[in-house]
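1. only geometry, no sequence info:
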């Protein structure tokens with residue numbers, strides 16, 4: 001049966017809203033937390049999908065920005081809750097527990113690092129691009145392990161969830177509402193971005209960089225801008241993930257996390273607007289249901305991924321719509 005993609009998108013959004021509301025009525029806060037985790041992972045994967053689905057760049061180091069977002073939140077909140085000064089060289093701050101300020105810091109720092117990594121990585125392509133992004137990811141991972149001031153290998157715990165004006169973020173449903181609203185904003189911006197002249201040019205650069213150059217555009221600049229935007233969004237997701245768990249650790253920089261984000265996109269559909277969201281929901285559901293049965297639940301995830309790669313090249317959305325190609 002062929003299903004309209006817009007109907008699938010609407011159904012997914014309705015499910016993300018309906019399930020937490022049902023859990024609230026049934027007094028199941030853990031279910032709300034599970035959905036929140038899926039939303040945050042979807043946000044991170046949506047950031048990666050900008051360069052993977054529309055720019056054709058396979059990054060195995062995107063966890064760098066996820067980790068930067070997480071540690072930005074952790075460090076700022078740590079200094080705020082311990083009333084200690086954070087020395088940034090040019091100035092000193094006491095940290096902050098304000099979510100909007102933390103998000104801005106996480107996105108800004110992630111964007112700066114993405115600019116630096118992109119300038120070096122985008123001079124390569126194919127497997128070389130994969131390996132250099134992986135190398136950056138490992139560099140940040142081992143730096144975090146050796147950063148004893150903020151927990152080193154043991155990570156850093158945050159005892160109080162950060163604040164958002166007018167809301168009680170300790171309430172699972174209210175924290176979910178914040179994360180869901182940010183996901184909707186990012187999806188809207190992403191949809192507008194990919195339909196804009198920049199998005200069309202980026203897609204053209206993915207298919208044929210030489211033709212884009214003949215039109216007077218620079219494929220490198222297009223991909224670099226996409227890389228920076230992607231990094232900033234993933235950094236935002238990292239800050240939210242750290243706030244959800246009230247804990248940051250070097251594992252947020254791991255190449256396994258980068259691989260998981262790619263898996264989420266493949267499951268839902270590469271280049272699809274809601275592909276990362278569906279992939280994140282499926283992943284979290286499998287982790288929760290099968291993880292309670294066996295610790296080897298990744299075997300089943302691998303079988304699902306293998307089936308999608310072999311028989312549903314457009315992901316679950318492509319399977320339902322009967323279209324393999326990306327569509328927004």
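-> Looks like it arrived, so ask away. Quantities reported herein were computed from a predicted structural model and do not represent experimental measurements. Numbering: from 1, shown residues only.

2. residues touching the nearest residue in space to residue 159 that is not next to it in sequence, list them.
-> Leaving aside its chain neighbours, residue 159 sits nearest to residue 81 (6.2 Å; criterion: C-beta to C-beta, 6 or more residues apart in numbering). Where you see a C-beta, it was placed from the backbone N, CA and C, and this is true even at glycine. Residue 81 makes contacts with 95, 97, 158, 159, 160, as judged by C-beta atoms under 8 Å, 6 or more residues apart in numbering.

3. pretty sure the third one is touching residue 249, no?
-> Just to be clear, that refers to residue 158. No. Contact status for residue 158 versus residue 249: not in contact, 11.6 Å apart, counting by C-beta atoms under 8 Å.

4. against residue 160, how distant is the nearest residue to residue 242 once chain neighbours are set aside?
-> Closest residue to residue 242 apart from its sequence neighbours, by C-beta to C-beta, 6+ apart: residue 70 at 3.8 Å. According to C-beta to C-beta, to the nearest Å, residue 70 stands 16 Å off from residue 160.

5. again with residue 246
-> Residue 246 is 8 Å from residue 160, by C-beta to C-beta.

6. again, but for residue 38
-> 24 Å.

7. what about those two, which has more around it?
-> Just comparing residue 38 and residue 160: by other C-beta atoms under 10 Å the higher neighbour count belongs to residue 38, 26 against 12.

8. wait, that one touches residue 284, no?
-> Yes. Using C-beta under 8 Å, residue 38 is in contact with residue 284, at 4.1 Å.

9. now do the buried residues in the helix or strand where residue 260 lies.
-> Using DSSP states H and E, residue 260 maps to helix 255-268. For helix 255-268, a neighbour-count test (16 or more other C-beta atoms under 10 Å) marks 255, 257, 258, 260, 261, 262, 263, 264, 265, 266, 267, 268 as buried.

10. which other residues reach that helix?
-> Against helix 255-268 from outside (C-beta under 8 Å, 6+ apart): 41-42, 44-45, 48-49, 52-53, 58-63, 66, 133-134, 137-138, 141, 234, 251, 274-280, 282-283, 301, 304-305, 308-309, 315-317.

11. just the buried members of those residues?
-> 41-42, 44-45, 48-49, 52-53, 58-63, 66, 133-134, 137, 141, 234, 251, 274-280, 282-283, 301, 304, 308, 315-317.

12. restricted to strands, list these.
-> Judged by DSSP state E, strands contain none of those.

13. which phi and psi does residue 164 have?
-> phi -130, psi 130 (degrees, to the nearest 10).

14. pretty sure residue 99 is one of the things it touches, is it not?
-> Yes. Contact criterion C-beta under 8 Å: residue 164 and residue 99 qualify, at 4.5 Å.

15. higher neighbour count, the two?
-> Using other C-beta under 10 Å, the more surrounded residue of residue 164 and residue 99 is residue 99, with 22 against 18.

16. which residues do residue 164 and residue 99 both contact?
-> residue 178.

17. ok, back up a step: and the residue nearest to residue 159, how far is that from residue 15?
-> From residue 81 to residue 15 the distance is 36 Å (C-beta to C-beta).

18. repeat for residue 308
-> 20 Å.

19. enumerate every residue touching residue 103.
-> Residue 103 neighbours (C-beta under 8 Å, 6+ apart): 236, 239.

20. what about residue 292, how many residues nearby?
-> 9.

21. give me the most central residue, this structure.
-> residue 44 (0.7 Å; C-alpha atoms, centre = their mean).

22. so where do the helices sit in the stretch 151-300 of the chain?
-> 172-195, 197-207, 209-214, 219-245, 255-268, 275-289, 298-311 (DSSP state H, counting those that start in this stretch).

23. would you point to the one among the ones you listed that's packed deepest?
-> helix 219-245 (a mean of 25; mean count of other C-beta atoms under 10 Å).

24. just the buried residues of the contacts of residue 81.
-> Counted by 16+ other C-beta under 10 Å, the contacts of residue 81 give 95, 97, 158 as buried.

25. pLDDT check: weakest of these?
-> Least confident of the buried ones among the contacts of residue 81 in the model: residue 95, at 83.

26. distance-wise, check the residue nearest to that residue when sequence neighbours are not counted relative to residue 195.
-> Nearest non-adjacent residue to residue 95, counting by C-beta to C-beta, 6+ apart: residue 79, 3.0 Å away. Distance from residue 79 to residue 195, counting by C-beta to C-beta: 42 Å.

27. please apply the same query to residue 28.
-> Counting by C-beta to C-beta - residue 28 and residue 195 are separated by 38 Å.

28. now residue 56
-> 18 Å.

29. now swap in residue 153 and tell me
-> 44 Å.

30. just checking, residue 79 touches residue 92?
-> No. In this structure, residue 79 is not within contact of residue 92 by C-beta under 8 Å, at 9.9 Å.

31. no further queries at this time; thank you.
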